[in-house]
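In: Got a sequence here, can you build the structure:
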Amino acid sequence: MRYSLQSSFSKYVFVLFFAVVALTVAGRIVTLTGAEAFCKGWPLCAPTAPAGWMKLAHMSLVGVASILMLGVFRKAWREQRNQRVILPLTTILTVMFFGQALVGAVQVTQPGAGHLILLHRLTTWALWIALLLLVYVSGLLIRAETPPETFDKKQRAKDFFALSKPLIVGLLLITTYGGLVVGGKQWPSFSLTLWTLLGGALAAGGSSALNQYIDRELDRKMQRTARRPLAEGRLTDAEGLAFGLGLSLVSYYILACFVNSLAALLSLAGIVYYVILYSLWLKKATVQNIVIGGGAGAIPPMVGYAAATGVLDWTAWILFAIIFMWTPPHFWALAIVRMKDYEKAGVPMMPVVRGELETRKQIFVYTIELVIVTLLLPLLNLAGTVYLVSSLVLGGALLYAAWAVWKQGGNKVAWRMYKWSSTYLVFIFLAIMVDAVL
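Out: Numbering: from 1, shown residues only. Have a look, this model is predicted:
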């Protein structure tokens, strides 16, 4: 294939490339000459010496490059929604461009922050690689002008919202906030809560979108998931991939800039765990997929704890263990109800591989282990009476539900276990929070 600039999108990208080159050169000159001192203010400044004009030129180029970047981003999402390379690459480039500006601005208020210095340098290199790739592939893959498509904006908004799995995001945010409260032993400030939960929501939503992109063929075979946006074709594969990657990257910048590096790295680890270890490998490879993969959903309370304290200790790891042990009985109950779906899709869930009876037994065994883990906090003097009483009452109710699954069997009992286990997780974390602030 020959390189060509036949499309307006390719031409936009080419102009953007030279604008970023000019911006980079001007920024380097400003740094070397100390022109910053001769032109104070934002977004524009009044030069007090000839060198100050270079600073003004640099700031003007920032504005021009930003407008061009947004224009390329808009054209990609309107005209290249079927391009599985160009659309995700443009989205990543746009997030990194503005992410680098955000990191640079935060560095002014946090001088000497090592993780921000490193993030800024890594973003610079990654941005240039992405930009050069986009220049190349846009001229290689787009051979003709692509007219903008018209959309039902309301339906698309619903589809992107569904792509983030909002119910799961909500449950994960409760556990994240629980870690935040337990770590600080008080109700956290509004700003810390906002940035931690926003970063957590974007990370969870991005991971969910990437999971649906990976599982789109499986989802088409299962009644429970066949109506998902990617499975049904309401959104393209490129849109699902770009949306997931974009949200995940934005979440990292938010947590790194407004919370702390440990919370950001933990959130990133959760994304990698869920998308690569679970979705790409474990889900289709082993009957232990849910057991091992449960670690991904157990990371959010550690993110909250790290956001409040900047460290991880025994309390954080026990919070992790609670969700890790909660995940198998919760999802195995659902797997019993949807066993035919998983069998049809070829997913080796416990009921499909080892049968319903063994799954019902394992649900009860893991529920016992879960209740024991929840009692570690008061046994190690890491929680008080409110939590102890709550964990015993809630644990007893969950054990009763698991016992019913084991002894009675049937979809109705399994579905009740599935719903009650979700409620249990919410209330056990509410108990942890109330106990921490009393």
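
In: domains in the chain, as residue ranges please.
Out: 8-141, 159-309, 358-438 (automatic domain parsing).

In: Out of these, flag the one nearest residue 334.
Out: domain 358-438 (4.8 Å; C-beta to C-beta). For the C-beta atoms, the positions are set from N, CA and C on the backbone; glycine is no exception.

In: What about residue 52, how many residues nearby?
Out: By other C-beta atoms under 10 Å, 20 other residues sit near residue 52.

In: Please apply the same query to the one 4 residues further on.
Out: Taking other C-beta under 10 Å as the neighbour definition, residue 56 ends up with a count of 19.

In: Residue 269 too?
Out: 15.

In: my guess is residue 262 contacts residue 304, does it?
Out: No. Using C-beta atoms under 8 Å, residue 262 is not in contact with residue 304, being 11.4 Å away.

In: So which of the two has more stuff around it?
Out: Remark: of residue 262 and residue 304, residue 304 carries more neighbours, 33 against 20, as counted by other C-beta under 10 Å.

In: quick one: contacts for the more buried one?
Out: Residues near residue 304 by C-beta atoms under 8 Å, 6 or more residues apart in numbering: 175, 176, 177, 178, 179, 180, 181, 182, 183, 196, 200, 263.

In: what's the closest of those residues to residue 323?
Out: The closest of those, once distances to residue 323 are taken by C-beta to C-beta, is residue 175, at 6.3 Å.

In: before we move on, the earlier item: can you tell me which of the contacts of residue 304 are in helices?
Out: By the criterion of DSSP state H, membership of the contacts of residue 304 in helices covers 175, 176, 177, 178, 179, 180, 181, 182, 183, 196, 200, 263.

In: Output those residues as TSV; include the columns neighbour count and distance to residue 315.
Out: As requested, the ones in helices among the contacts of residue 304 are exported to TSV (neighbours: other C-beta atoms under 10 Å; distance: C-beta to C-beta, whole Å):
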residue	neighbour count	distance to residue 315
175	28	13
176	30	15
177	23	15
178	26	11
179	30	9
180	29	12
181	24	11
182	27	6
183	25	8
196	29	17
200	30	18
263	29	15
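
In: What helices and strands are in contact with the one helix or strand residue 246 maps to?
Out: Secondary structure from DSSP states H and E places residue 246 in helix 237-258. Where contact means 3 or more C-beta pairs under 8 Å, 6 or more residues apart in numbering; DSSP states H and E, helix 237-258 is packed against helix 86-109, helix 114-141, helix 153-163, helix 190-214, helix 229-232, helix 261-272.

In: Give me the angle between that helix and helix 86-109.
Out: 10 degrees (axes from the mean of the first three to the mean of the last three C-alpha atoms, to 10 degrees).

In: pretty sure residue 229 is touching residue 161, no?
Out: No. At 9.4 Å, residue 229 does not count as touching residue 161 under the criterion of C-beta under 8 Å.

In: How many residues are close by residue 408?
Out: Counted by other C-beta under 10 Å, the residues lying close to residue 408 total 11.

In: separation between it and residue 400?
Out: Taking C-beta to C-beta, to the nearest Å as the measure, residue 408 falls 11 Å from residue 400.

In: just residue 135 next, same as before
Out: When residue 135 is compared with residue 400 (using C-beta to C-beta), they lie 62 Å apart.

In: Give me the more crowded residue out of those two.
Out: residue 135 (18 against 12).

In: which ones are touching that one?
Out: So residue 135 contacts 13, 14, 17 (C-beta under 8 Å, 6+ apart).

In: what packs against the host helix or strand of the last one?
Out: Using DSSP H and E, the element containing residue 17 is helix 8-33. Based on contacts counted as 3+ C-beta pairs under 8 Å, 6+ apart, the elements that helix 8-33 packs against are helix 50-79, helix 114-141.

In: pLDDT (mean, whole number) over the last one?
Out: What it means is helix 114-141. Average pLDDT, helix 114-141: 89.

In: Same question for stretch 51-70.
Out: 89.

In: Export that stretch to PDB, keeping only CA atoms.
Out: Output of stretch 51-70 as PDB, limited to C-alpha atoms (Å, rounded to 0.1, in the frame of the first residue of the first chain):
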ATOM      1  CA  ALA A  51      12.600  36.900  25.500                       C
ATOM      2  CA  GLY A  52       9.100  37.100  26.800                       C
ATOM      3  CA  TRP A  53       7.700  37.100  23.200                       C
ATOM      4  CA  MET A  54       9.000  33.500  22.800                       C
ATOM      5  CA  LYS A  55       6.900  32.500  25.900                       C
ATOM      6  CA  LEU A  56       3.900  34.200  24.400                       C
ATOM      7  CA  ALA A  57       4.500  32.400  21.100                       C
ATOM      8  CA  HIS A  58       4.700  29.100  23.000                       C
ATOM      9  CA  MET A  59       1.400  29.700  24.800                       C
ATOM     10  CA  SER A  60      -0.200  30.700  21.500                       C
ATOM     11  CA  LEU A  61       1.000  27.500  19.900                       C
ATOM     12  CA  VAL A  62      -0.400  25.500  22.800                       C
ATOM     13  CA  GLY A  63      -3.800  27.000  21.900                       C
ATOM     14  CA  VAL A  64      -3.400  26.200  18.200                       C
ATOM     15  CA  ALA A  65      -2.300  22.700  18.800                       C
ATOM     16  CA  SER A  66      -5.100  22.100  21.300                       C
ATOM     17  CA  ILE A  67      -7.700  23.200  18.800                       C
ATOM     18  CA  LEU A  68      -6.200  21.000  16.100                       C
ATOM     19  CA  MET A  69      -6.100  18.100  18.400                       C
ATOM     20  CA  LEU A  70      -9.800  18.400  19.300                       C
END
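
In: Show me the contact partners of that stretch.
Out: Against stretch 51-70 from outside (C-beta under 8 Å, 6+ apart): 12, 15-16, 19-20, 22-23, 26-27, 29-30, 33-36, 38-39, 42-47, 93-94, 97-98, 101.

In: cool, stretch 408-427 as well?
Out: Outside of stretch 408-427, the residues within contact range by C-beta under 8 Å, 6+ apart are 171, 174-175, 323, 326, 329-330, 333-334, 336-337, 356-357, 360, 363, 390, 394, 397-398, 401-402, 404-405.

In: for stretch 73-83, same thing?
Out: Contacts for stretch 73-83 (C-beta under 8 Å, 6+ apart): 8-9, 12, 86-87, 90-91, 94, 141-142, 146-149, 236, 238-239, 242.

In: Need the buried ones from those residues selected in ChimeraX.
Out: With 16 or more other C-beta atoms under 10 Å as the criterion, this ChimeraX line picks the buried residues out of the contacts of stretch 73-83:
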select :9,12,86,87,90,91,94,142,146,236,238,239,242
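
In: Could you measure from residue 244 over to residue 78?
Out: 19 Å.

In: neighbour-wise, which of these two wins?
Out: Each of residue 244 and residue 78 has its neighbours counted (other C-beta under 10 Å); residue 244 has more, 26 against 15.
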